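Peer 1: attaching a predicted model along with its sequence, questions to come.
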Protein chains: 2
Amino acid sequence: MHHANDILLSLFIVFVAAQIGAEIAQRLKLPGVVGEIAAGCAIGPSLLGWITPEQIVTGTPLDVLAEIGVVLLLFSVGLETRLEDLKKVGRSAFLVGVLGVLLPFALGAAWAHASGFDWSKSLFVAAAFVATSAGITARVLQELGVLQRVESKVILGAAVIDDILAMLLLGVVVSLQGGGGFNLSHLVMVLAGAIGFIAVIGWGGTRVMRWNSNWLEKPRHVHSPLLIVLALCLGLAYVSTLFGLAAIIGAFLAGMIASETRQQHTLEQQIQPLLSLLTPFFFVLTGSKIDLHQLANGDALIMLGVVTVIAIVSKLLGGFLGALSLGRAGATIVGFGMVPRGEVGVVIASLGLAAGVFSDRMYAIIVTMSLLTAMVTPPILAWLLRRGASHADA
Amino acid sequence: MHHANDILLSLFIVFVAAQIGAEIAQRLKLPGVVGEIAAGCAIGPSLLGWITPEQIVTGTPLDVLAEIGVVLLLFSVGLETRLEDLKKVGRSAFLVGVLGVLLPFALGAAWAHASGFDWSKSLFVAAAFVATSAGITARVLQELGVLQRVESKVILGAAVIDDILAMLLLGVVVSLQGGGGFNLSHLVMVLAGAIGFIAVIGWGGTRVMRWNSNWLEKPRHVHSPLLIVLALCLGLAYVSTLFGLAAIIGAFLAGMIASETRQQHTLEQQIQPLLSLLTPFFFVLTGSKIDLHQLANGDALIMLGVVTVIAIVSKLLGGFLGALSLGRAGATIVGFGMVPRGEVGVVIASLGLAAGVFSDRMYAIIVTMSLLTAMVTPPILAWLLRRGASHADA
C-alpha cells in the first residue's frame, strides 16, 4: 500500500495544526476557532506552504473533508435547536435576516459605484458583501455552550432567511451582469421553491420525529439512529443545493428534525467525535485561503480596510436594528453574530473573477475581507457573550 | 454555496447503499461487511454506474475517505489489542505470517509459470497472491465481538508479519522485473527499518502510555485524549508508509499504544461514530472495483476460478499449518482469517499493469480474485467463529 501517502501527511499536518492553533488561542482566552483559522493561514500557501494552492480548490480531498466538517457542524447545531424555539423568535430573525442583507447590499453597491464600477457591476460587487456564513458563529456559540440563548436562536433563524435572500440576490445580479433581464416570475418560483423546501422539511420532518422515532432503532446495527440521521444530513445537505441554498442549511434542518427524536441526547454525544475529527479541516482550510501577499501593498491595504469596515458595519447595523426588540446588548450580540462572511463571499468573488467583473486584486481583496470578518468576529462575540452571561435563556 | 454538490450526492449514495447492504446481509445472517461490499459492486461502474470509474481512483475524495475509514478501523482494532496478548501468541503469529506468505508465493509462481509466464514475470504475478488485507478480517472479528479470542490475536500479529514480508517480496520482484539485480544489503536495510519502526513504536509507545497517560488531558479541549490519539493515528499511518509498510499497520500500532492509556474505554466509545461514518466508504469502494464484465467470458471465468482457488487454498494452508498449535478448529479460523487480499492485490496488479507484466485481462482477473477472497471470507469466518463460540479467550 504505497498510495495516498502524501494525502495522509496533509491530513496529519492540517489536523495537528488545528489542535495547536486552538490550544494557543484558548490559552490566550480566545475562541479555539480563531486559532484554527490562524493555523490555516500559517501552514497555507502564503506563509509556510505546507498546504499548496492546488490542495484547497473545490473538489479536492481536503476541500471535501472541510465540506463534510461544516455540514456536520451545522447538523450538530440543528440538533441543539428546536423548531418551537425558532418560531418564538421568528419576527426578530426575519427582521435581522432582511436588514442584514439590505444594508450590506446597499452600502456595498454605493461604495463600488463610488470606486468607479458601473451600476450593474456594482450590484455584483455588493452581492459579495451580503451572505453570512453561519459556520463560524455557530462554532463560537457551541464552544461557549450558549446555543440555548435567545440571541443564538435569532442568529440561527436569521441565517436561514439570510441564505434564501442572498441566493435570490446572487441570481439577480448574475443575470443582470450576464445581460439577461430581470425575470420576476422566475425569481418568485425560485423563492417559492426554497421556502417550500424549508417549510416542508422543517415542519413535516419535525412532526414525524416528534410523533414516533422508535423506527430509527428497527435496523440491526447498534448505532442505527446515528446512521439514519447522518444519511438524512447528507441527503438534505445535497437536496438544499438543488434549491439553490447552501448545503449547511439542509444539514441544519436535518439536525433540527433529529432534535425532536427521543434519541436526541445520545445523538448529541455521538456527533462530538465526528466534529472533533472533521470540523478542523473546514476552519484550517478557511484560514489557508487568506493571501497575505495582497496585504504587502499600501493601496491594497487601505482598500481592504475600507471594504472590511463597510462589510462589518453594514451587517452589524442590519442585525442590530433587526434585533432591537432583544434590547441593546442582545441586539449587539446578534449583529456581530451575523458579521462573518467566510466562504460564501469567496464563492461570489470567484464567480466575479470568472465573469470578468473583478480584477485579480479586487478578487483577493473581497476574499480577504470575507475571511477577515470571520477572524474578527469570534473574539468579539465571545467577549460580548461572556460579559452578558447573566441574560435569560430562550 | 453551489460547489461540491455532486460530491455530496456521491457521499449520500455510498453511505446509504452501505447501510442498506449491511442491513440485508445481517437479516440473511451474513456479516454486514459482505453487504457493504455487495452494495459497492451494485452501485459501481459494472452495474448501476452511480459511482463512476473516475471517482474511485487513488487520490479522489471518495478514495481518501475510504483510506481514512480503513485507517480508523485498524486503529480501533489496535485499541482493543494489548501488546502483552500479542507477545503471548508471538510464535504462532510468526509462523502464520511466514507460511502464509511462502505458500501463496510458491503456488502462485508455479501456476504463473505453468500458464506461460517466464520466471521473472511469474514471481511478479505470484507477489499479487501474497499480501493479506487485514481490514476485512478485522471488521468481521470486531462485528462479532471476538477480538479478544486467541485466534484473533494470532491473525492480527500475523497480519503485521505478513505486511513486512509482502513489502520485502514486492521490492524484490519489482527490482528483478525492472532488470535490477538482487541487492541483499538493501533488502536487509529495508527489513531492519521496518522491524525497527514497529519495535520502537510498539514497545516504546506502549511503555510511555502505561507509565503515564494523564498528559493526554492537559490541553483545554474536552476531547483532548481523542484528538491526541487521532493525531498519533494519522501520523503513524503516514510514517509507516515511509518504511514501505501499509498505512493500516501504523494505525494499528497507534491503536495498540492508545490501548494502554487509562482513557482506553472512553476512546473505544468515541471511535465508534467515526467508524460508523467512515468505514462504509472503504468497503463500498472495495466492492465497486469488481469488474463484472470480465466474468461474462467463459475462459476468463475458468481462469478466475483457478486463480481464486489457488489464492484461497494456499493462504488457508499456510495459516492453518502455522497455527496448528491452537488445534484444528483454531487453526482453520486463523487460516481463513488470513485469506482476504482486498486492496493490496489490487495495488500489485496495478503495478504489474503499469510495468507491462500483466495484460488487461490478467489485471482484471487478479483484481477480481483479490476482491473475491475478500467477499468469500466473511461468511465462512463468521460461521466458524459462531460454531466455535465456546473456545477459551486469550
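Peer 2: That came through fine.

Peer 1: spell out which parts of the stretch 101-250 of chain A neighbour chain B.
Peer 2: Residues of the stretch 101-250 of chain A lying close to chain B by Cβ under 8 Å from any Cβ of the partner chain are A:219-221, A:223, A:226-228, A:230-231, A:234-235, A:237-238, A:241-242, A:244-248. C-beta here means a position set from N, CA and C on the backbone, and glycine is covered the same way.

Peer 1: just these: which are in strands?
Peer 2: Among these, no member is found in strands (DSSP state E).

Peer 1: list buried residues within those residues.
Peer 2: Buried residues within these, counting neighbours by 16 or more other Cβ atoms under 10 Å in any protein chain shown: A:219, A:221, A:223, A:226-228, A:230-231, A:234-235, A:237-238, A:241, A:244-248.

Peer 1: of those, which belong to helices?
Peer 2: Under the assignment DSSP state H, these contribute A:226-228, A:230-231, A:234-235, A:237-238, A:241, A:247-248 to helices.

Peer 1: give me the phi and psi for residue A:149.
Peer 2: phi -70, psi 150 (degrees, to the nearest 10).

Peer 1: residue A:81 versus that one, what's the distance?
Peer 2: 12 Å (Cβ to Cβ, to the nearest Å).

Peer 1: tell me which stretches of the stretch 51-200 of chain A form helices.
Peer 2: With helices called from DSSP state H, counting those that start in this stretch, the stretch 51-200 of chain A shows them at A:61-79, A:83-88, A:90-114, A:119-127, A:134-143, A:150-177, A:184-199.

Peer 1: brain fart, the stretch 251-394 of chain A
Peer 2: A:264-288, A:298-322, A:327-337, A:342-354, A:360-387.

Peer 1: the third one versus helix A:90-114: what angle between them?
Peer 2: Relative orientation of helix A:327-337 versus helix A:90-114 (axes from the mean of the first three to the mean of the last three Cα atoms, to 10 degrees): 60 degrees.

Peer 1: mean confidence for helix A:327-337?
Peer 2: Mean per-residue pLDDT for helix A:327-337: 94.

Peer 1: and if you look at the first one?
Peer 2: The average of the pLDDT scores along helix A:264-288 is 92.

Peer 1: now swap in the second one and tell me
Peer 2: For helix A:298-322, mean pLDDT is 93.

Peer 1: so what touches that helix?
Peer 2: The contact list for helix A:298-322, computed with Cβ atoms under 8 Å, 6 or more residues apart in numbering or on different chains, reads A:92, A:94-104, A:106-108, A:111, A:129, A:132, A:158, A:294-295, A:331-332, A:334-339, A:341, A:361, A:364-366, A:368-370, A:372-373, A:376.

Peer 1: in it, what's buried?
Peer 2: Neighbour-count burial for helix A:298-322 [16+ other Cβ under 10 Å]: A:300, A:303-304, A:307-308, A:310-312, A:314-322.

Peer 1: before we move on, what about the last one?
Peer 2: Within helix A:360-387, the residues that qualify as buried by neighbour count (16+ other Cβ under 10 Å) are A:362-382, A:384-385.

Peer 1: average pLDDT for it?
Peer 2: 86.

Peer 1: just want the angle from that helix to helix A:150-177.
Peer 2: 170 degrees.

Peer 1: is helix A:360-387 anywhere near chain B?
Peer 2: No: Helix A:360-387 is not in contact with chain B by Cβ under 8 Å from any Cβ; minimum separation 12.6 Å.

Peer 1: run the chain-centre distance for that helix.
Peer 2: Computed by Cα atoms, centre = their mean, to the nearest Å, the chain-centroid distance of helix A:360-387 equals 12 Å.

Peer 1: same deal with stretch A:321-340?
Peer 2: Relative to the chain's own centre, stretch A:321-340 is displaced by 17 Å; criterion: Cα atoms, centre = their mean.

Peer 1: can you give me the end-to-end distance of it?
Peer 2: End-to-end distance for stretch A:321-340, by Cα to Cα, to the nearest Å: 17 Å.

Peer 1: about what we covered before: using TSV, lay out the helices of the stretch 51-200 of chain A together with distance to residue B:214 and mean neighbour count.
Peer 2: Formatted as TSV, the helices of the stretch 51-200 of chain A follow (distance: least, Cβ to Cβ, whole Å; neighbours: other Cβ atoms under 10 Å in any protein chain shown):
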stretch	distance to residue B:214	mean neighbour count
helix A:61-79	29	26
helix A:83-88	40	16
helix A:90-114	45	21
helix A:119-127	52	21
helix A:134-143	24	25
helix A:150-177	35	23
helix A:184-199	48	14
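
Peer 1: export these to TSV and tack on distance to residue B:76?
Peer 2: Formatted as TSV, these follow (distance: least, Cβ to Cβ, whole Å):
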stretch	distance to residue B:76
helix A:61-79	19
helix A:83-88	36
helix A:90-114	42
helix A:119-127	46
helix A:134-143	26
helix A:150-177	34
helix A:184-199	38
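
Peer 1: can you add mean pLDDT and give those back as a markdown table?
Peer 2: Converted to a markdown table, the helices of the stretch 51-200 of chain A look like this (pLDDT from 0 to 100):
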| stretch | mean pLDDT |
| --- | --- |
| helix A:61-79 | 91 |
| helix A:83-88 | 83 |
| helix A:90-114 | 94 |
| helix A:119-127 | 86 |
| helix A:134-143 | 86 |
| helix A:150-177 | 84 |
| helix A:184-199 | 84 |
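
Peer 1: figure out which of those is closest to residue B:173.
Peer 2: Closest to residue B:173 of the helices of the stretch 51-200 of chain A is helix A:61-79 (Cβ to Cβ; 30.6 Å).

Peer 1: who does the closest one touch, helix- and strand-wise?
Peer 2: Counting contacts by 3 or more Cβ pairs under 8 Å, 6 or more residues apart in numbering or on different chains; DSSP states H and E, helix A:61-79 packs against helix A:5-27, helix A:134-143, helix A:224-242, helix A:247-258, helix A:264-288, helix B:5-27, helix B:61-79.

Peer 1: in CSV: these, plus distance to residue B:122.
Peer 2: Putting those into CSV (distance: least, Cβ to Cβ, whole Å) gives the following:
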stretch, distance to residue B:122
helix A:5-27, 29
helix A:134-143, 56
helix A:224-242, 46
helix A:247-258, 51
helix A:264-288, 44
helix B:5-27, 37
helix B:61-79, 30
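
Peer 1: number of residues surrounding residue A:217?
Peer 2: Other residues within reach of residue A:217, judged by other Cβ atoms under 10 Å in any protein chain shown, total 15.

Peer 1: mind listing what it touches?
Peer 2: A:224-225, A:263.

Peer 1: confidence score at it?
Peer 2: Predicted confidence (pLDDT) for residue A:217: 80.

Peer 1: for residue A:29, grab the count of nearby residues.
Peer 2: 10.

Peer 1: and residue A:40, what does it touch?
Peer 2: A:14, A:17-18, A:21, A:51, A:283-290.

Peer 1: what is the neighbour count of the nearest residue to it once chain neighbours are set aside?
Peer 2: For residue A:40, ignoring the flanking residues on the chain, the nearest one in space by Cβ to Cβ, 6 or more residues apart in numbering or on different chains is residue A:287 at 2.5 Å. Residues lying near residue A:287 (other Cβ under 10 Å) number 27.

Peer 1: kind regards, and thank you for your time.
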